[in-house]
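Trainee: Give the three-dimensional model of this entry:
(2 chains)
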Amino acid sequence: MNRIRFFDHFVLMLGVFIMVAPVVVAFMTSTHDAVDIHRNGVFLSWGDHFTETYNTVLTRKGGFTGEITGTRMILNSLILGIGFAAGKIVLSMLAAYAIVYFRFKFGTLFFWMIFTTLLLPLEVRIVPSYEVMTKLGLTNTYTGLIVPLLASATGTFFFRQFFKSVPEELLEAARIDGAGPIKFFFDILVPLSRTMIAAIFIIMFVYGWNQYLWPTLMTTDERFFTLVRGIKQILLVWVGSNIPDYNEAFALAILAMLPPVMIVLIFQRWFIKGLTESDK
Amino acid sequence: MKRVQFSSPYLPYLFIAPQMAIIFVFFYWPSVQAIQSSFYLEDPFGFGSTFVGLSNYADALGSVQYQAIARFTVVFTVLVTFLSLGIGMLLAVKADAVLKGSSTYKTLLIWVYAIAPPVAGLMGMMFFDQHIGPLVKLAGFFGWDMKVGLNYNDTAIAMIIVSVWKQIPYNFIFILSGLQSIPVSVREAAAIDCRSGVRRFWTMTLPLLAPTAFFLLIINMTYSLFDTFGVIDVMVKDKAANNPITLVYKVYMDGFRGNDLGGSSAQSVILMIVVFVLTIFQFRFIERRVHYN
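Mentor: Next up, the predicted model:
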C-alpha cells in the first residue's frame, strides 16, 4: 500500500515539476542580464538585475513608434479584461433573465439565435469581422477591442442554467409580496447570483486578458497594445540583434502571466466551480 | 422554462436587446459576409469583385499546400488532444488517489491554465532557443540536434509540447472534479469487488468518467484547432513558409497577408462546417448527460 502511495506522489511531483519548472526558470533567468544569459544559458538562481530589468520593461518607451511602455500595456490589458468580464456579465444576465422568466413572442427564436453563436469561434470569421469593424470605424478603440468579443453566448448559457435552478417558490413569494419583474431581478435574483457572478467574472477576466488574435487585428496603434498582443511585436524587434534581450523577454512573459495566474490561485475554488459548472 | 413567469409587453425585449444587437452586428453580419465573399473573387485593392461560384473552394481543397496544412492540422490536433487528455487524466487519477495533499497538488497543477497561448509560445521559443534553450541542450544530450524554427519536424514537436503543456491543467480540473463526484459507496463497492487498481480504473472509473472525457475530447479538439493560434503565431516568427501551421493560421495568412479575401473566406466556411459537425456531436452528448443526472 505504501509503495503505491509513494508511486502516486512520485507521478504527481513529476507533473508539478513539468508544470512549474519552466515558469520558475523564466522568472529566475529574467533577473540576470542579457550577456550573462547569452553566455551561460538559463538560470535557476537569483540574479542581481531584477530591479533593472523590470524597471526597463515597465517604463522604457519601446516599440516601433517609441510610444508604448510596459505599464501602458498592462493598463490596456486591464481595461480589456475588466471591460470584457463586466460587459459579459451584464449582457448575459439580462438576456438569460428574459429567456428564463418571461413568456414572450420570439423568445424561442431569440434563444436559438443566441445559441447559434456557440457554433462559430471568432477565429473562423476574422476577415469579415475585421471588415465590419473598419466600416464602423472602430479599429484602434477600446470599444472595438472589447465589444465584438462579447458576441458569444457562453455567459448567457451559464446564467440560464443557474436561473433555472433557482426555486420557483421564490418567484411566487415575490409576486405575492407585490414585486414586479425589475424589483425581483435587482432585489432577489442579483444578490442570489453573487457567487456565480464572481466565478464568471474571474473566468472572463482571464479570458479577456489572454486575448491575442482579436487585439492583433484591431490595434495597429501601439498605444492600444495589450501585453499579450505586444509580445510578438517586441519579439520581432529582437530577432536579428546580436545578443537578444532574453532577460526582457522573460520578464515580459512573467508580467503577462502574473495577473491571470494570481487571480486563478487566489480564487481557485470559485474559478473551478465556474469552469466546471458552465460547461464552457 | 419556469412554470411561473412574468408577462410584460416590452420588458423581455428590453432585457434581451443588448445581447441581440451585439450578436447581430458582430456575429451574424460577419458570418453572412464570410459565406458571401467565399463565392467571389475580390480585388485586393477593393475595386469590386466577380462572382466565381465554388472555385474558391475548389482552389483551396485542390491545392497541395492546403492539403499538407490540413494533414498537419489533423496530426497536430490528434496529438495535442490525446497527450493533454492522457497526462491530465493520469495526474487527476493520482491526485484523487492521494487524499492527503491532493488540494496542494491541485493548486500547483491548475494555474498554468491562466497563461495565455502566445505567452506560452514565447516561453517555448526561449526553452527551444538554439543558443540558450535548455530543452535543445537536453535533446542534444540524446544526440538529437534540434533546430526549432528551421527544421519543420522539430518546430512541430516544440509547438505540440507547448500546446500540450498549456492544456494539461484544464483537463486535470475537469477530470478531477468528475472523479470526486463519484459517490463513496460506489468506490467502496468497487474496491471490495476488485483489488487491482488498474482493472478498477478500466471497469469502474473510466465508464463513469466517459461523459466528462467525451466533453473534454471536443473541447480539446477546438482548443488545438483555434486557441493554439497564439502559440503558432509566436513560434513561427512570421516565417510561415518552411514552418508547420494549422488551417486557422492559413485563413489568417491568406486574408491579412495575402489579401486573398475570397480564398480566405472559403477556408473560413470550410472550418465553420468542421466546427459545426463537432458542435453537433457535443450538444447531443450534453443532452445525454442531462439524462444521466
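Trainee: Is residue B:51 bridged to anything, and to what?
Mentor: Partner residues in beta bridges with residue B:51, using DSSP bridges, are residue B:40.
Trainee: Distance check, residue A:41 against residue B:202.
Mentor: Using C-beta to C-beta, to the nearest Å, we find residue A:41 at a distance of 44 Å from residue B:202. (Glycine included, C-beta is placed from N, CA and C.)
Trainee: between the two, which one's more packed in?
Mentor: It is residue A:41, of residue A:41 and residue B:202, that has more neighbours when counted by other C-beta atoms under 10 Å in any protein chain shown, with 16 against 11.
Trainee: Pretty sure that one sits against residue B:134.
Mentor: Yes. Under the criterion of C-beta atoms under 8 Å, residue A:41 makes contact with residue B:134 at 6.5 Å.
Trainee: Can you tell me the number of residues neighbouring residue A:46?
Mentor: By the other C-beta under 10 Å criterion, the neighbourhood of residue A:46 contains 11 residues.
Trainee: List the contacts of residue A:264.
Mentor: The neighbourhood of residue A:264, defined by C-beta atoms under 8 Å, 6 or more residues apart in numbering or on different chains, consists of A:202, A:206, A:271, B:110, B:111, B:113, B:114.
Trainee: got it, and residue A:198?
Mentor: Listed by C-beta under 8 Å, 6+ apart, the contact partners of residue A:198 are A:267, A:270.
Trainee: Tell me how many other residues surround residue A:199.
Mentor: By other C-beta under 10 Å, the residues close to residue A:199 number 24.
Trainee: what do you get for residue B:65?
Mentor: Residue B:65 sits with 9 neighbouring residues when counted by other C-beta under 10 Å.
Trainee: And for the one 10 residues further on?
Mentor: Residues contacting residue B:75 under the criterion other C-beta under 10 Å number 13.
Trainee: most neighbours, which of the contacts of residue A:264?
Mentor: For those, neighbours were counted by other C-beta under 10 Å; the highest total belongs to residue B:114, with 26 neighbours.
Trainee: hang on, that residue packs against residue A:260?
Mentor: Yes. The pair residue B:114 and residue A:260 qualifies as a contact (C-beta under 8 Å) at a distance of 3.8 Å.
Trainee: Which residues lie in contact with residue A:153 in this structure?
Mentor: Listed by C-beta under 8 Å, 6+ apart, the contact set of residue A:153 reads A:92, A:114, A:115, A:117, A:118, B:23.
Trainee: The last one and residue A:106, how far apart?
Mentor: For residue B:23, the distance to residue A:106 under the criterion C-beta to C-beta works out to 14 Å.
Trainee: between the two, which one's more packed in?
Mentor: More neighbours surround residue B:23 than the other of residue B:23 and residue A:106, with 23 against 12 (other C-beta under 10 Å).
Trainee: Run through who's touching the helix or strand containing the more buried one.
Mentor: For residue B:23, the enclosing helix or strand under DSSP states H and E is helix B:11-23. Contacts of helix B:11-23 with the rest of the structure, by C-beta under 8 Å, 6+ apart, involve A:90-92, A:94-95, A:97-99, A:102, A:104, A:107, A:110, A:113-114, A:117, A:147-148, A:150-151, A:153, A:156, A:181-182, B:6.
Trainee: Using PDB, list the CA coordinates for that helix.
Mentor: Listed next in PDB are the C-alpha coordinates belonging to helix B:11-23 (Å, rounded to 0.1, in the frame of the first residue of the first chain):
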ATOM      1  CA  LEU B  11     -39.600  44.300 -20.700                       C
ATOM      2  CA  PRO B  12     -38.200  41.000 -22.100                       C
ATOM      3  CA  TYR B  13     -37.400  42.700 -25.400                       C
ATOM      4  CA  LEU B  14     -35.600  45.400 -23.500                       C
ATOM      5  CA  PHE B  15     -33.600  42.900 -21.500                       C
ATOM      6  CA  ILE B  16     -32.600  40.800 -24.500                       C
ATOM      7  CA  ALA B  17     -32.000  43.700 -26.800                       C
ATOM      8  CA  PRO B  18     -28.300  44.500 -26.000                       C
ATOM      9  CA  GLN B  19     -27.200  40.900 -26.400                       C
ATOM     10  CA  MET B  20     -29.100  40.500 -29.700                       C
ATOM     11  CA  ALA B  21     -27.800  43.800 -31.000                       C
ATOM     12  CA  ILE B  22     -24.200  42.800 -30.400                       C
ATOM     13  CA  ILE B  23     -24.800  39.300 -31.900                       C
END
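Trainee: Separate out the buried members of the contacts of residue A:153.
Mentor: Neighbour counting with 16 or more other C-beta atoms under 10 Å in any protein chain shown marks A:92, A:114, A:117, A:118, B:23 as buried within those.
Trainee: Find the residue closest to the most centrally placed residue in chain B in space, skipping its chain neighbours.
Mentor: With distances taken as C-alpha atoms, centre = their mean, the residue of chain B nearest its centroid is residue B:223 (0.9 Å). Taking C-beta to C-beta, 6 or more residues apart in numbering or on different chains, and ignoring the residues beside it in sequence, residue B:223 has residue B:167 as its nearest neighbour in space, at 5.8 Å.
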